[in-house]
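K.L.:
Need the 3D shape of this:
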Amino acid sequence: MTLETVIYHEGHDWLTKEVNEHGRNVLDVASEVNADFPVEYVASRYVCPMTGELKTPVYEKGNKKGHPKNLYVLRVDGVNPLDLGEVEDSTDLGLHSGRYPQRDGYKHVFETMETMFPDSCTDITVFGRGERIAITQQIGDPIEVMDGDNILPVIITSSSLNGQAKTTINAVGHRVSCLNMLDLSKGLIQVKSTKNHDDLLTLRSALLEASKVNSDNLVTFARNLSEKGLSDVAFYRMLNALLPEADMDAPTKTRNAVDAKRAAILNAWSKETNGVWGNGWFAYNAFQGAEQHRINQGFKSTTAAKQKGFEKVLDRKTPIADAAEQYLRELLLVGV
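P.N.:
The predicted model follows:
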């Protein structure tokens, strides 16, 4: 079978647009960055090899009998035009099962988060061509960990239309000095794309009021670490424990990859300490920051690479930061 509609992924890299202004209405920011675009769902079709006719696969039984088996979700605001026949000036965002719930774009997500935390939006990131978005909202004043080192408590809500990621709402801390995204909440709320997606999101959003507790936990952890002195030797011992050098008989590619990661972490530690005595807080940020801004970005600084690093944090794919947190928590417990 040959699909009549061709999914076009090359040459339409609609990169992130961001607004970084404190305390604004989510819907206003969404409009400015074109994140409030309309969507339509169109049945996929194929050319029958025997007759040359266009056909639409449909369910043959059950409560979806006669309904299309697969649907394209299309962005229809004219950005990145793609001719799909029934819908002009459209952009393909994904192909779903016909059982996948149809949503009115991201409108309900924006409205829900604005209701929960009015006039608090500082940023909306649009990934790719709109397959995914992330809303950042400031939920409290900056909190000082140590002299001149502040954490900004924020909520980050991520949602997708391509079926590849759940809607998640996480309480995190932004370290003001370096924009490290410090996430100790371990997934505050996750909402699957079920038939009751919007209802679930509305109901569960009430739980976000308790998210400020996560900020308190982060600040306590950070302040305890800031009081825990850590020498260069102790940091190097930590690095060897969490990311040891590759064996000499390992493939060259493997050795180079490990060396690059270790170098990024050591460089981050050097910037953190900057000639002063180190501490646990500096150590955590060296590991976390190197992973977020260098390793997970593939050691690149393009907009696409930064998006990739951001998505890794949203999807909780931060094994180095997680290991560093665990190591330092144990260090605090033993008191050595």
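
K.L.:
From now on I want contacts and neighbour counts done on CA atoms only, so please keep to that.
P.N.:
OK.

K.L.:
Look up how far Leu230 lies from Trp277.
P.N.:
For Trp277, the distance to Leu230 equals 7 Å [CA to CA, to the nearest Å].

K.L.:
Now the longest helix along the chain: buried residues?
P.N.:
In the chain, with assignment by DSSP state H, the single longest helix is helix 252-273. With burial defined by 16 or more other CA atoms under 10 Å, the residues of helix 252-273 counted as buried are 258-259, 261-262, 264-266, 268-270, 272-273.

K.L.:
now do stretch 164-181
P.N.:
Of the residues in stretch 164-181, those buried by neighbour count under the rule 16+ other CA under 10 Å are 165-176, 180-181.

K.L.:
Do you know the pLDDT at the spatially closest residue to Phe37 that is not a sequence neighbour?
P.N.:
With CA to CA, 6 or more residues apart in numbering as the criterion, Phe37 has its nearest non-adjacent residue at 6.0 Å, and that residue is Asp77. Reading off the per-residue confidence, Asp77 sits at a pLDDT of 83.

K.L.:
Identify the residues contacting Gly278.
P.N.:
229-232, 272 (CA atoms under 8 Å, 6 or more residues apart in numbering).

K.L.:
try Lys65
P.N.:
With contact set as CA under 8 Å, 6+ apart, Lys65 has these partners: 58-59.

K.L.:
Mind listing the residues bridging to it?
P.N.:
The bridge-partner assignment for Lys65, based on DSSP bridges, gives Tyr59.

K.L.:
can you check Ser159 too?
P.N.:
Where Ser159 sits in a bridge, its partners, by DSSP bridges, are Ile133.

K.L.:
what does the model give it for pLDDT?
P.N.:
For Ser159, the model assigns a pLDDT of 91.

K.L.:
Go ahead and confirm it touches Thr167.
P.N.:
Yes - at 4.3 Å, Ser159 and Thr167 qualify as touching, with contact defined as CA atoms under 8 Å.

K.L.:
what's the spacing between Thr122 and Ser44?
P.N.:
Remark: distance between Thr122 and Ser44 (CA to CA) = 38 Å.

K.L.:
Tell me which of the two has more neighbours.
P.N.:
Applying other CA atoms under 10 Å to Thr122 and Ser44 shows that Ser44 carries more neighbours, namely 23 against 20.

K.L.:
In contact with Ser215, which residues are there?
P.N.:
Contacts of Ser215 (CA under 8 Å, 6+ apart): 153, 171-173.

K.L.:
what do you get if the cut-off is 6 Å, keeping everything else the same?
P.N.:
Ser215 makes contact with Pro153 under the criterion CA atoms under 6 Å, 6 or more residues apart in numbering.
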